[in-house]
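A.B. asks: Quick one: sequence plus predicted model below, questions after.
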Amino acid sequence: MVRELAAQRRPGALIRLGREHRAWTLAALGDRIGCSAATVSRLERRNRVADLALVHRAALEVGVPRHVLVRSLAPPAPTASAATRVTASPHAEEDPMRRRTLITATAVAGPAALLPGLDEALADTPSPTGGGSLDARLATARELYDKGAHGRLLTALPGLIGDGHSAASSRRELDQARLSSVYSLTASVLSKLGSYEQARLTADRARTWAEVSGSPLASAAAARELAIVLRHQDRSEEAQRLIRAAATGVEATGLRTDASASAYAQMLCTLAYTAARGGHRTDALAMTEEARRAARRLPPNAPVGRLFPITPAAVDLYAVGVHWALGDAGAALEAGRDLRPEQFPTAERKARLGTDMARAWWAWQRPAQTAQALLTAYRSSPGEVRDRPAIRRIVAELAERHPRTTGVRELQTAVSLRSL
């Protein structure tokens, strides 16, 4: 019965089975997980998961094994080959001219045109590609993220998801942690593009696989991505609780390695910015200083491939964002005064320096400095200016209010260009 319900992807039915095995009423389980009997009833009757955190709590309470819960939450196995899904006719695979036309059209439309393909991969796990080492391909995907090559990354992710699931079927903890990392990276780029509902779903999956793997670093990465989504959805208090728990979990490892120390510093930075966005000034500033202390032991340049490539300079960059979020543009500009692009190893971080300073200059009502900061960011990584909705809005406002300011026309042209 349990295997059948898991195969049918009915987590609610598994929870009901566990509850009835314990002879608990709906109200009794609701009291244990902090919700009403009616909510438990809906949870058990629905196949579509609306609140993954609640499902986790209920399943844990009634004793559903983690690997069984994961199987029930997984998307259905693919029912057709990749070629069948993506082609409109049986001859499309054989038509190189048609392929080139589609690729060109997608390039013009930009990353947004690739989101339906990723949505399909999230709904129906792609077949494994057998494209080589998963670690190497995940590293390549992270490089694309670090370059701001969002279109190319979105193209690569469906295959990576398929291969990640294939590897995780081994039930080895390391493979499960790798799949969690794939989903965390997917959530990160979706958040950057403003696709928060998809990012929420993907971050939830990252958390599920991280919990199964038992990896504290994978769990921290997944929790961070989910907290970022919650923050964008104006659920700051929930995001703070989540990231605080993640930071505590990393701290419990003893921080004996640079990898765990960098994860802890990153959690503190995210917590500081989340607190700032929630209007908690004291907490935000305190967490920023704690992050600085935690980062002091870290090298100025993070090793290639590190899950949390935080550095002392990166913490100072977070301070810019914290002050901006607190409404203190002057303090934000002061915090970033001595930061230089060469202090950051990736194009994405160099561009983030420019966009964060641009937001502060814009809040300070300095259009010329705003435009120059955005141009600097664009030259480091076009995607960081072109693809992020919040930054595009600043460009649009500049063009509307200050069309003759130096650099504005160039920016306006830049953000209208779409390329992979």
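C.D. replies: Nice, I can see it.
A.B. asks: what's next to stretch 169-180, contact-wise?
C.D. replies: Outside stretch 169-180, the residues within contact range by Cβ atoms under 8 Å, 6 or more residues apart in numbering are 67, 134-135, 138, 164-165, 167-168, 206-210, 212-215, 217-219, 221-222. Glycine gets a C-beta too; all of them are placed from N, C-alpha and C.
A.B. asks: Give me the most central residue, this structure.
C.D. replies: Centroid-nearest residue in the chain: Ser188, 2.3 Å away (criterion: Cα atoms, centre = their mean).
A.B. asks: shaky segments in this structure?
C.D. replies: Applying pLDDT under 70 to the chain picks out residues 47-53, 67, 71, 74-110, 305, 417-420.
A.B. asks: what sits against Ala265?
C.D. replies: Counting by Cβ under 8 Å, 6+ apart, Ala265 has contacts 291, 294-295, 298, 308, 310, 315.
A.B. asks: run the last query once more with 7 Å
C.D. replies: 291, 294-295, 298, 310, 315 (Cβ atoms under 7 Å, 6 or more residues apart in numbering).
A.B. asks: Give me the buried subset of those residues.
C.D. replies: Buried by 16 or more other Cβ atoms under 10 Å: 291, 294-295, 298, 310, 315, out of these.
A.B. asks: distance between the ends of stretch 289-308?
C.D. replies: Using Cα to Cα, to the nearest Å, one end of stretch 289-308 lies 18 Å from the other.
A.B. asks: In the stretch 201-350 of the chain, mark out all the helices, start to finish.
C.D. replies: Secondary structure of the stretch 201-350 of the chain by DSSP state H, counting those that start in this stretch: the helices cover 216-232, 236-251, 258-277, 281-295, 312-325, 329-335, 347-363.
A.B. asks: Just the buried ones from the contacts of stretch 169-180?
C.D. replies: 134, 138, 164-165, 167-168, 206-210, 212-213, 215, 217-219, 221-222.
A.B. asks: still on that earlier bit, the residue nearest to the centre of the chain touches Leu226, doesn't it?
C.D. replies: No. Using Cβ atoms under 7 Å, Ser188 is not in contact with Leu226, being 10.9 Å away.
A.B. asks: Next, the buried residues of stretch 266-281.
C.D. replies: Buried, per 16+ other Cβ under 10 Å, within stretch 266-281: 266-278, 280-281.
A.B. asks: again, but for stretch 379-394
C.D. replies: Judged by neighbour count using 16+ other Cβ under 10 Å, the buried positions of stretch 379-394 are 380-388, 391-392, 394.
A.B. asks: How about stretch 368-375?
C.D. replies: Residues 369-375 are the ones in stretch 368-375 that count as buried (16+ other Cβ under 10 Å).
A.B. asks: could you pull out the helices for the stretch 51-200 of the chain?
C.D. replies: Using DSSP H, counting those that start in this stretch, helices in the stretch 51-200 of the chain cover 52-62, 66-73, 82-86, 96-109, 115-123, 134-147, 150-168, 173-192, 196-213.
A.B. asks: Reformat these as a markdown table; add distance to Arg32.
C.D. replies: Putting these into a markdown table (distance: least, Cβ to Cβ, whole Å) gives the following:
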| stretch | distance to Arg32 |
| --- | --- |
| helix 52-62 | 5 |
| helix 66-73 | 17 |
| helix 82-86 | 42 |
| helix 96-109 | 49 |
| helix 115-123 | 31 |
| helix 134-147 | 38 |
| helix 150-168 | 30 |
| helix 173-192 | 27 |
| helix 196-213 | 19 |
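A.B. asks: So which of the ones you listed is nearest Ala331?
C.D. replies: Minimum separation from Ala331 across those (Cβ to Cβ) falls at helix 173-192, 25.3 Å.
A.B. asks: Of the helices of the stretch 51-200 of the chain, give the one that comes closest to Val304.
C.D. replies: helix 134-147 (8.1 Å).
A.B. asks: Not counting its neighbours along the chain, what's nearest Met381?
C.D. replies: That one is not Met; residue 381 is Ser. Nearest residue to Ser381, sequence neighbours excluded (Cβ to Cβ, 6 or more residues apart in numbering): Gly148, at 3.3 Å.
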